[in-house]
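Q: Next input, structure requested:
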Amino acid sequence: MIRATRLLPAVALLALSVVGCSASKASGPGTSTARSAGTTGADGAPEISNRAKVLFEDALKAFENQKKAKAFNYESLERKFNAALDADENLAEADYNLGVLAERQGKLPEAKQHYLTALKKKPSLRQATDNLAVLAQNAGDVPTALALYQDTLTRYPEDALSRARLAEIYRSAADHDKAMEFARAALVRDPRSLAAYKVMMRSYVDRKQFAMAKLVALRATKIDENDPELYYTVAMIFLQEGKPDDARLQLKRTLEIRPDYLPAHEMLAQLSLDAEDYVGAEEHLRRVLQADGKNAAAHLNLGVAYKGQGQYDKAMQEYDAAEKLNPELAAVSLNRAIILHRAKDAPERALELYKRYVATAGGEVALNADAPVFALIRETEGVLQAKDEGKRAEEEAKRMEAVAAQEKKLADQQAAQEKKNIANAGGAEKAPAKKPTSGKAAGEPVDELDNL
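A: Numbers count the residues shown, from 1 in each chain. The predicted structure follows:
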């Protein structure tokens, strides 16, 4: 992805750099002539009022100070450039710079609108055209990007930057011969074209010619030793060479130059997760989410970092956030299932989520036979089987216990009855003879009359 991340000072530099107010020939604030109604400069753009220029230069100085401090307050910068616009709505450079600030914050639709507004006010502001082409190129709209670059070359035949951008398009299409041809043509016209050097560097990386890629990067750093993308690309080379420690050093250098360079934070977070440094991963992921709260992958990885620290509820919250932003993110189901399986004693729900992950990832055919999820599924099924067998054994034990209790109860009842019978039988043997009811002696016949 092409990153145009700098603001242009009074002299135009690369795309996505802050641009200085070039509508006037004045070299500093307070020295230009105030705009009169209908007055235009040499390029056909309206002259800009002195007050707008002063406010604009103040905004530029604030940007440069924040750049040196490596701590950007985008909201403050936006207020300053908007103040310049309020002073003079024809100040196209202020619109352009607002687009730059928006793009650096990932607000691409807003950035595009600012660039279009700047071009409407000042069609000769080629940096805005360049950045619109970059946005189109990064979004995969190659035809639009090509048309914009070709339009620039038509108007400015010796333009080096557009050639470098075209070289990047060819590189992305794996046409490395054409890419190198345009990159070299750009360097002929501008030997200090960082964009051209970056294309050459990426082209060598694509072709696994890492030594050449690092050599080009070294040459580029001599032009601008504070370009974060150069160090980031070298870090990616080290990773492909299997040298994570060297890559980590390059990424840290990247962040020393520009602390808000998100790709470096993202890669350092991944390296920290791989090394099971979950606290370090959390730190980098928080920086990513501060700049882009809608980054579903960052929420997912932050959940992994929390899981690694045993903070399972926080992890589940991050997985929920990731799923809300991207319902098709299959890894959400996998990571949520692991917690339910290993930490929450909910293997039934975990098994459902493992199977959902497989389906979302394209089915069993799309995954390698040795993919970890299959081992997790077997493990979970084993847990469920053991749990089911244990439940059946527990139920059988309870049944047997109930039978034994019933048998004991019956035995106790039978024993009690026998004891009662024995007691009754013994009492009958000892009972005294019944006394006669008449005056006759025992054994004598009883006359019925005696009972009257």
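Q: So which residues of the stretch 151-300 of the chain form strands?
A: With DSSP state E, counting those that start in this stretch, there are no strands along the stretch 151-300 of the chain.
Q: Wait, residue 198 touches residue 234, no?
A: No: using C-beta atoms under 8 Å, residue 198 is not in contact with residue 234, being 11.5 Å away. For every residue, glycine as well, the C-beta is placed using N, CA and C.
Q: Double-check that residue 114 belongs to a helix.
A: Yes: under DSSP: H, G, I helix; E, B strand; the rest coil, residue 114 falls within a helix.
Q: Can you give me the distance of it to residue 46?
A: Distance, residue 114 to residue 46, using C-beta to C-beta, to the nearest Å: 18 Å.
Q: and these two? which has more neighbours close in?
A: More crowded of residue 114 and residue 46, by other C-beta atoms under 10 Å: residue 114, with 25 against 20.
Q: ok, now which ones touch the more buried one?
A: Applying C-beta atoms under 8 Å, 6 or more residues apart in numbering, we find residue 114 in contact with 95-96, 98-99, 102.
Q: buried subset of the residues you listed?
A: 95-96, 98-99, 102 (16 or more other C-beta atoms under 10 Å).
Q: Surely residue 271 is in contact with residue 249?
A: No: using C-beta under 8 Å as the test, residue 271 is too far from residue 249 to be in contact (11.2 Å).
Q: what about the stretch 201-350 of the chain, any weak spots by pLDDT?
A: Within the stretch 201-350 of the chain, no stretch has pLDDT under 70.
Q: Apply 90 and report the result again.
A: Residues of the stretch 201-350 of the chain meeting the criterion pLDDT under 90: 260, 291-292.
Q: Run through the helices of it in chain order.
A: All helices of the stretch 201-350 of the chain, identified by DSSP state H, counting those that start in this stretch, fall at 210-223, 228-240, 244-257, 262-274, 278-291, 296-308, 312-325, 330-342, 347-360.
Q: just how off-centre is the third one within its chain?
A: Shown here is helix 244-257, whose average C-alpha point lies 20 Å from the average C-alpha point of the whole chain (C-alpha atoms, centre = their mean, to the nearest Å).
Q: ok, now the fourth one?
A: Using C-alpha atoms, centre = their mean, the mean C-alpha position of helix 262-274 is found 11 Å from that of the whole chain.
Q: Who are the packing partners of that helix?
A: helix 228-240, helix 244-257, helix 278-291, helix 296-308 (3 or more C-beta pairs under 8 Å, 6 or more residues apart in numbering; DSSP states H and E).
Q: My guess is residue 377 contacts residue 355. True?
A: Yes: in this structure, residue 377 is within contact of residue 355 by C-beta under 8 Å, at 7.2 Å.
Q: Keeping just the C-alphas, turn stretch 200-210 into PDB.
A: What follows is stretch 200-210, C-alpha atoms only, in PDB (Å, rounded to 0.1, in the frame of the first residue of the first chain):
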ATOM      1  CA  MET A 200      12.600  -0.600  -6.600                       C
ATOM      2  CA  MET A 201      13.000  -1.800  -3.000                       C
ATOM      3  CA  ARG A 202       9.600  -3.500  -3.000                       C
ATOM      4  CA  SER A 203      10.200  -5.000  -6.400                       C
ATOM      5  CA  TYR A 204      13.400  -6.600  -5.100                       C
ATOM      6  CA  VAL A 205      11.600  -7.900  -2.000                       C
ATOM      7  CA  ASP A 206       8.900  -9.400  -4.200                       C
ATOM      8  CA  ARG A 207      11.500 -11.300  -6.100                       C
ATOM      9  CA  LYS A 208      13.300 -12.400  -2.900                       C
ATOM     10  CA  GLN A 209      16.400 -10.400  -3.900                       C
ATOM     11  CA  PHE A 210      16.800  -9.200  -0.300                       C
END
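Q: Could you give the number of residues near the closest residue to residue 299 other than its chain neighbours?
A: Excluding the flanking residues, the one nearest residue 299 by C-beta to C-beta, 6 or more residues apart in numbering is residue 322, at 3.9 Å. Residue 322 has 24 neighbours, counted by other C-beta under 10 Å.
Q: which residues does residue 322 contact?
A: 296-297, 299-300, 303, 329, 332.
Q: what separates residue 166 from residue 265, distance-wise?
A: For residue 166 relative to residue 265 (C-beta to C-beta), the value is 30 Å.
Q: same question, residue 228
A: 11 Å.
Q: More neighbours: which of the two?
A: Neighbours were counted for residue 228 and for residue 265 using other C-beta under 10 Å; residue 265 has more, 24 against 21.
Q: coming back round to it: is it possible to get a markdown table of the contacts of residue 322 that adds neighbour count and distance to residue 370?
A: As requested, those are exported to a markdown table (neighbours: other C-beta atoms under 10 Å; distance: C-beta to C-beta, whole Å):
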| residue | neighbour count | distance to residue 370 |
| --- | --- | --- |
| 296 | 19 | 27 |
| 297 | 17 | 24 |
| 299 | 25 | 28 |
| 300 | 24 | 23 |
| 303 | 27 | 25 |
| 329 | 18 | 23 |
| 332 | 27 | 22 |
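Q: Rebuild the residues you listed as a markdown table, extending it with distance to residue 214.
A: Converted to a markdown table, these look like this (distance: C-beta to C-beta, whole Å):
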| residue | distance to residue 214 |
| --- | --- |
| 296 | 33 |
| 297 | 28 |
| 299 | 34 |
| 300 | 32 |
| 303 | 36 |
| 329 | 35 |
| 332 | 37 |
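Q: Okay, now the unreliable bits of the stretch 51-200 of the chain?
A: In the stretch 51-200 of the chain, residues with pLDDT under 90: 67-72, 104-106, 124, 126-127, 130, 134, 137-140, 150-152, 155-156.
Q: returning to that earlier point: just put the helices of the stretch 201-350 of the chain in JSON lines and tack on distance to residue 60.
A: Listed next are these as JSON lines, based on distance: least, C-beta to C-beta, whole Å:
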{"stretch": "helix 210-223", "distance to residue 60": "23"}
{"stretch": "helix 228-240", "distance to residue 60": "21"}
{"stretch": "helix 244-257", "distance to residue 60": "20"}
{"stretch": "helix 262-274", "distance to residue 60": "24"}
{"stretch": "helix 278-291", "distance to residue 60": "23"}
{"stretch": "helix 296-308", "distance to residue 60": "32"}
{"stretch": "helix 312-325", "distance to residue 60": "36"}
{"stretch": "helix 330-342", "distance to residue 60": "43"}
{"stretch": "helix 347-360", "distance to residue 60": "48"}
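Q: Could I get the contacting residues of residue 160?
A: For residue 160, the contact set (C-beta under 8 Å, 6+ apart) comprises 186-187, 189-190, 193, 195-196.
Q: Kindly recompute the last result at 6 Å.
A: 186, 189-190, 193 (C-beta atoms under 6 Å, 6 or more residues apart in numbering).
Q: what's the answer for residue 66, then?
A: residue 72.
Q: which element follows the host helix or strand of it toward the C-terminus?
A: Residue 66 is part of helix 50-69 when elements are defined by DSSP states H and E. Next along the chain after helix 50-69, taking DSSP H and E as the criterion, comes helix 74-87.
Q: what's the angle between that next one and helix 50-69?
A: Orientation of helix 74-87 against helix 50-69 (axes from the mean of the first three to the mean of the last three C-alpha atoms, to 10 degrees) gives an angle of 170 degrees.
Q: All set now, cheers.
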